[in-house]
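1. How does the following fold in three dimensions:
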Amino acid sequence: MSGIGFVDCGGAPACAHRIHAHPAGRGPRPRRIVDIHAHCLVPKARALVPGPTIGGGPPPGIGVAEDDVDLRIAAMDSQGVDMQVLSINAFWYGADVDLSRQIIDLQNETLAETVARHPDRLAALATVALQHPEEAARQLEHAVKALGLSGALVGGSVEGAELSDPRFHPFWAKAEELGAAIFLHPQGWPDPQGRLNGRGFLPVVVGYPLETTVALAHLIYEGTLDRFPDLKLCAGHGGGFLPAYAGRFDAVLTTFPAVAAGVKLKKAPSAYLRDLYYDSLVFTPEALRHLVAEVGADRIMLGSDWPFPWTDKGVDHVLDTPGLTEAERAAILGETAIGLFGLKVGAGR
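-> Below you'll find the model as predicted:
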């Protein structure tokens with residue numbers, strides 16, 4: 001038993017009620033399909049931080065099935081996915097250095113052990129204690145060089161601090177030095193006035209993409225992406241709301257010249273969108289077509305957020321989006337991820 005945990009939906013193992021045969025007749029199926037946005041957790045590590053935390057666990061109705069790797073792979077097979085890149089949402093940003101080391105070491109070693117048992121089907125992103133940036137840089141280097149993990153996941157903020165804060169520069173510098181891919185995944189938007197209360201699960205529907213949008217905005221406007229131009233940064237959930245409204249980020253600099261005087265960038269804010277990477281979790285063919293138009297097909301990778309049951313048809317979503325060439329579909333479904341994360345994926349099943 002590796003101690004890895006796979007969340008499942010309402011007691012139905014690995015959302016089995018949503019598993020279906022991958023349909024044929026959707027056009028050519030690329031040789032290698034990689035889902036870069038798929039979650040797990042390490043129950044023993046999660047137990048070290050008592051009580052609820054932002055981003056610290058599955059939403060209501062989601063349980064944990066420990067070590068059920070076979071069920072996860074069966075779900076992948078049913079969706080036409082050759083490899084998943086596993087990640088753990090950050091719940092440890094309030095921990096001190098000693099506890100953080102205990103959590104991160106346990107999680108990263110467990111992830112590495114799980115991947116080692118299924119190297120042709122699973123890869124994983126490391127966890128890092130970003131609240132302690134120097135330590136996080138060390139943890140990233142160890143995870144990539146010693147454990148063979150494919151990069152790291154970070155939250156959209158750290159205990160109220162933006163990722164653009166200079167205190168995090170040592171971590172970004174190390175990620176750039178290593179050429180390690182970093183997946184930015186939101187944890188939720190603080191809502192002291194309760195405006196996200198009520199129906200519709202707004203903390204997730206609105207709060208998650210909002211946090212991603214704000215995090216990216218700071219990284220752009222504060223010059224972090226200029227300081228670290230070779231950083232390999234991927235934003236989950238299609239980059240939040242930013243790609244749908246990027247023109248406003250440029251227009252503010254001419255509409256309000258006083259604002260422009262304080263912004264020192266090497267190019268227009270919207271131009272940085274094509275320096276980032278994104279997952280494909282945008283739900284409609286038109287949304288994916290627009291994301292491709294804004295950032296380029298070579299900057300988008302298949303992402304399902306599995307096992308949270310947003311979709312079990314992510315592959316079909318890409319194959320059915322009109323206007324994409326076969327090369328663009330292949331890039332989104334696997335080729336870009338293989339290069340970015342340094343994956344070794346077989347020739348398909």
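2. drop to CA atoms for contacts and neighbour counts, all remaining ones
-> OK.
3. Tell me the bridge partners for residue 86.
-> Residue 86 forms beta bridges with residue 38, residue 124, as assigned by DSSP bridges.
4. you'd agree it is up against residue 122?
-> Yes: under the criterion of CA atoms under 8 Å, residue 86 makes contact with residue 122 at 7.1 Å.
5. Now residue 313: phi and psi?
-> Main-chain torsions, residue 313, degrees, to the nearest 10: phi -130, psi 30.
6. Could you check how far the closest residue to it other than its chain neighbours is from residue 303?
-> Ranked by CA to CA, 6 or more residues apart in numbering and with sequence neighbours excluded, the top spatial neighbour of residue 313 is residue 79, at 6.4 Å. Distance of residue 79 to residue 303, given as CA to CA, to the nearest Å: 12 Å.
7. what do these two both touch?
-> Where contact means CA atoms under 8 Å, 6 or more residues apart in numbering, the residues bridging residue 79 and residue 303 through contact with each are residue 314.
8. So for the two, which residue has more residues nearby?
-> More neighbours sit around residue 303 than around the other of residue 79 and residue 303, counting by other CA atoms under 10 Å; the figures are 26 against 21.
9. Can you tell me the element the more buried one falls in?
-> Following DSSP states H and E, there is no helix or strand that holds residue 303.
10. Touching, it and residue 279? I think so.
-> Yes: under the criterion of CA under 8 Å, residue 303 lies in contact with residue 279, with a separation of 4.9 Å.
11. Mutual contacts of the two, please.
-> 36-37, 236-237.
12. Name the member of these with the most neighbours.
-> Neighbours here mean other CA under 10 Å. Within the shared contacts of residue 303 and residue 279, the largest count is held by residue 36, at 31 neighbours.
13. Quick check: it is in a strand.
-> Yes: note on residue 36: a strand contains this position according to DSSP: H, G, I helix; E, B strand; the rest coil.
14. Next, find the distance separating the nearest residue to it once chain neighbours are set aside from residue 152.
-> With CA to CA, 6+ apart as the measure, residue 85 is the residue that lies nearest to residue 36, at 4.7 Å, once sequence neighbours are left out. Between residue 85 and residue 152 the computed distance is 11 Å (CA to CA).
15. Between those two, which contacts overlap?
-> Counting by CA under 8 Å, 6+ apart, the contacts common to residue 85 and residue 152 are residue 125.
16. Spatially nearest residue to residue 284, not counting backbone neighbours?
-> Here the nearest residue to residue 284 in space, its sequence neighbours aside, is residue 317; by CA to CA, 6+ apart that works out to 7.4 Å.
17. Let me know the closest of the shared contacts of residue 303 and residue 279 to residue 308.
-> residue 37 (10.5 Å; CA to CA).
18. Just to check, that closest one is in contact with residue 306?
-> Yes: with contacts counted by CA under 8 Å, residue 37 reaches residue 306, the gap being 7.0 Å.
19. Run through the protein and note the low-pLDDT ranges.
-> For the chain, the stretches with pLDDT under 70 are 1-2, 7-29, 51-67, 346-349.
20. Dump the shared contacts of residue 303 and residue 279 to CSV, plus distance to residue 226.
-> Compiled in CSV, the shared contacts of residue 303 and residue 279 are given as follows (distance: CA to CA, whole Å):
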residue, distance to residue 226
36, 26
37, 26
236, 21
237, 23
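21. Widest-spaced pair of these?
-> Among the shared contacts of residue 303 and residue 279, the pair separated by the greatest distance (CA to CA) is 36 and 237, at 11.2 Å.
22. Need the residues touching each of those two.
-> Common contacts of residue 36 and residue 237 (CA under 8 Å, 6+ apart): 279, 303.
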